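Peer 1: Here is my input, please return the structure:
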Amino acid sequence: MCQTTNLKELSFLVYGLGISGRSVVEFFNRNKITNFRIWDDKQKNIFKKYKTQNLKKDLDLVDYIVLTPGISLIKNKVLRKYKYKIITDIDLFFLHNNNFKSIVVTGTNGKSTTCKLLSHLLKKNKFQCMLGGNIGIPILNLKKIKNNFVIIEASSFQLSHSKFIRPDYAFFLNLTNDHLDWHGTMKNYLNSKLKIFRFQTKYNYAIINKKFKKIFIKKKYLSKIIISQIKSYKKIKFKIKNEYLTSNINDENMSFIYTFAKLLKIKEKSFIDSMKSFKGLPHRFEIFLRKRNLKFINDSKATSFKATQSALSSLQNIYWILGGLPKRGDKLKLSKSKKNIIKCYLIGKNINFFKHQIKDKLPFSISKNLRNSIFQISKDIKSNKQQDKSIILSPAAASFDQFKNFEKRGEEFKKLCRYYVRKFN
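Peer 2: This next block holds a predicted model:
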């Protein structure tokens with residue numbers, strides 16, 4: 001819950017006209033908030049009538065700068081000295097609305113899946129809920145939220161600048177090396193995530209991984225600490241007849257959902273029944289094709305080594321496609337999963353980086369692209385008589401060296417597998 005503010009009494013500059021920036025302008029128009037101007041370093045031809053004629057003057061005079069999440073202050077020196085004014089679309093959402101229950105989810109990996117799991121759980125148990133933020137609909141485009149649960153996926157970019165986000169339930173899932181080019185240091189990255197708790201009160205809940213308990217206490221946050229119950233979840237996991245949830249890749253996400261279900265006093269049987277019908281998101285350990293004893297898995301969303309390790313530990317007899325644009329400071333630890341891997345196929349424009357990571361640890365070949373990888377796997381797999389083999393794209397890297405985004409990479413992988421499936425005997 002949040003005390004609402006009369007936004008008509010304030011002035012704004014909307015900086016950046018990506019999806020969230022455009023939703024801010026539309027939100028202002030719907031609510032007859034007129035004292036705002038816009039600026040975008042690239043977009044020149046939308047919302048022209050609102051464009052500032054003097055950026056420096058407006059930066060000095062406005063009460064708040066609503067910044068699009070992708071803009072880093074490390075790279076934008078102009079904005080750096082106005083940091084105290086910068087807010088996000090999620091801040092506006094909290095300032096404008098009350099009479100709803102907010103669930104804000106952050107973490108390096110698993111945010112989107114956890115949000116979808118929360119939505120599924122609530123709807124199956126007759127709670128009214130909506131989903132927005134970094135997943136799906138921009139948060140300011142949600143309507144009729146009164147008395148609903150509102151589930152918000154919050155990136156570190158959004159939280160870094162937040163000044164008014166106060167969740168009823170704040171989820172902090174995990175933290176690994178990511179976005180260091182945006183934040184500068186791991187400390188900055190962690191502190192941005194921790195802002196999810198900063199404005200909570202003693203009436204709010206912080207649902208966290210036990211690894212963060214000490215730092216939570218050290219920071220003297222006021223909300224009630226709830227530690228995710230992964231051991232308790234694993235005791236009942238076998239009762240959930242859902243292939244997507246049988247692997248251990250979702251155990252962390254599910255432990256948070258199970259813990260939250262207990263907070264809401266959802267009975268164990270209802271929780272189990274609800275989860276049986278959950279369908280995973282595309283590109284996240286997506287089992288999209290089977291042929292006899294072969295399983296094809298699209299895990300294109302695994303853009304860090306940590307995310308990929310979860311996938312590798314969940315399978316046997318793996319033909320693994322690896323490569324792309326590596327995350328700064330990332331290291332691949334294979335000690336627990338290399339026994340599961342038959343061979344690795346390197347793609348992308350950073351072959352040497354990945355070759356150095358797996359050399360002398362795994363058999364590998366340099367494929368350069370997805371098409372070559374799948375063709376090579378189709379040849380290699382014929383000499384392997386083992387049962388239940390898995391072919392997985394889990395690249396442990398961003399896609400931008402060869403694809404527009406991880407979705408395009410995943411779709412290309414699925415299309416090629418379906419085309420070449422006849423070669424897999």
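Peer 1: I'd like the distance between R328 and Y189.
Peer 2: 11 Å (Cβ to Cβ, to the nearest Å). In this view, the C-beta of every residue, glycine as well, is placed from N, C-alpha and C.
Peer 1: Correct me if wrong, but A170 is in a strand.
Peer 2: Yes: under DSSP: H, G, I helix; E, B strand; the rest coil, A170 falls within a strand.
Peer 1: Now do the SS call for K343.
Peer 2: Following three-state DSSP, the label given to K343 is strand.
Peer 1: nearest spatial neighbour of it, skipping sequence neighbours?
Peer 2: Excluding its sequence neighbours, the residue lying closest to K343 (Cβ to Cβ, 6 or more residues apart in numbering) is P363, at 4.7 Å.
Peer 1: okay, now the one you found: neighbour count?
Peer 2: Using other Cβ atoms under 10 Å, P363 has 10 neighbouring residues.
Peer 1: looking only at pLDDT, what's the mean for the helix or strand hosting Q309?
Peer 2: Q309 is part of helix 305-312, with elements assigned from DSSP states H and E. For helix 305-312, the mean per-residue pLDDT is 89.
Peer 1: Could I get the buried residue list for that helix?
Peer 2: Of the residues in helix 305-312, F305, K306, A307, T308, Q309, S310, A311, L312 count as buried by neighbour count, 16 or more other Cβ atoms under 10 Å.
Peer 1: out of those, which one sits closest to V25?
Peer 2: V25 lies nearest to A307 out of the buried residues of helix 305-312, by Cβ to Cβ, at 34.1 Å.
Peer 1: How much space separates that closest one from N191?
Peer 2: For A307, the distance to N191 (Cβ to Cβ) stands at 22 Å.
Peer 1: Name the helix or strand of this structure that has the lowest mean pLDDT.
Peer 2: Least confident helix or strand, the chain: helix 180-183 with a mean of 64, by mean pLDDT, DSSP states H and E.
Peer 1: name the helices or strands packed onto the helix or strand that that helix is followed by?
Peer 2: Note on helix 180-183: by DSSP H and E, the next helix or strand toward the C-terminus is helix 186-198. Using 3 or more Cβ pairs under 8 Å, 6 or more residues apart in numbering; DSSP states H and E, the elements in contact with helix 186-198 are strand 101-106, helix 156-160, strand 169-172, helix 180-183, helix 213-219.
Peer 1: could you redo the last one with a cut-off of 7 Å?
Peer 2: strand 101-106, helix 156-160, strand 169-172, helix 180-183 (3 or more Cβ pairs under 7 Å, 6 or more residues apart in numbering; DSSP states H and E).
Peer 1: chain center to the next helix or strand after it, what's the gap?
Peer 2: Sequence-wise, the next helix or strand downstream of helix 186-198 (DSSP H and E) is strand 205-208. In terms of Cα atoms, centre = their mean, to the nearest Å, the centre of strand 205-208 is set 18 Å apart from its chain centre.
Peer 1: Pick out the residue nearest the middle of the chain.
Peer 2: Most central in the chain under Cα atoms, centre = their mean is K111, positioned 4.1 Å from the mean C-alpha point.
Peer 1: close enough to count as contact, that one and I103?
Peer 2: No: look at K111 against I103 with Cβ atoms under 7 Å: they stay out of range, at 11.8 Å.
Peer 1: where in this protein is pLDDT low?
Peer 2: Along the chain, segments meeting pLDDT under 70 span 1-4, 177-183, 425.
Peer 1: Looking at it, name the residue that lies furthest from the middle.
Peer 2: Most distant residue from the mean C-alpha position of the chain: S383, 38.3 Å away (Cα atoms, centre = their mean).
Peer 1: measure it to S365 for me?
Peer 2: 14 Å.
Peer 1: now F12
Peer 2: 54 Å.
Peer 1: of the two, who's got more company?
Peer 2: When F12 and S365 are compared for neighbours, F12 comes out ahead with 23 against 14, by other Cβ under 10 Å.
Peer 1: what residues go with each domain of this protein?
Peer 2: 7-90, 99-276, 286-423 (automatic domain parsing).
Peer 1: Give me the contacts around the one helix or strand F413 maps to.
Peer 2: Element membership of F413 [criterion: DSSP H and E] is helix 406-420. Identification of contacts with helix 406-420 by Cβ atoms under 7 Å, 6 or more residues apart in numbering yields 282-283, 288-289, 296, 298, 300-301, 303, 370-371, 374-375, 378, 393, 399, 403.
Peer 1: at 6 Å what do you get?
Peer 2: Helix 406-420 is contacted from outside by 283, 288-289, 296, 298, 300-301, 370-371, 374, 378, 393, 399, 403, using Cβ atoms under 6 Å, 6 or more residues apart in numbering.
Peer 1: Mind checking which of those residues are buried?
Peer 2: Using 16+ other Cβ under 10 Å as the burial test, these include 283, 289, 296, 298, 300-301, 370-371, 374, 378, 393, 399, 403 as buried.
Peer 1: Going along the chain, name the helices of the stretch 251-400 of the chain.
Peer 2: Counting by DSSP state H, counting those that start in this stretch, the stretch 251-400 of the chain has these helices, from start to end: 251-263, 268-276, 305-312, 351-358, 370-380.
Peer 1: Output these in TSV, with distance to L140 appended to each entry.
Peer 2: Formatted as TSV, those follow (distance: least, Cβ to Cβ, whole Å):
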stretch	distance to L140
helix 251-263	25
helix 268-276	29
helix 305-312	29
helix 351-358	39
helix 370-380	37
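Peer 1: Nearest to K81, out of those?
Peer 2: Checking the helices of the stretch 251-400 of the chain against K81 by Cβ to Cβ gives helix 305-312 as the closest, at 34.9 Å.
Peer 1: how far off helix 351-358 does the closest one point, in degrees?
Peer 2: 60 degrees (axes from the mean of the first three to the mean of the last three Cα atoms, to 10 degrees).
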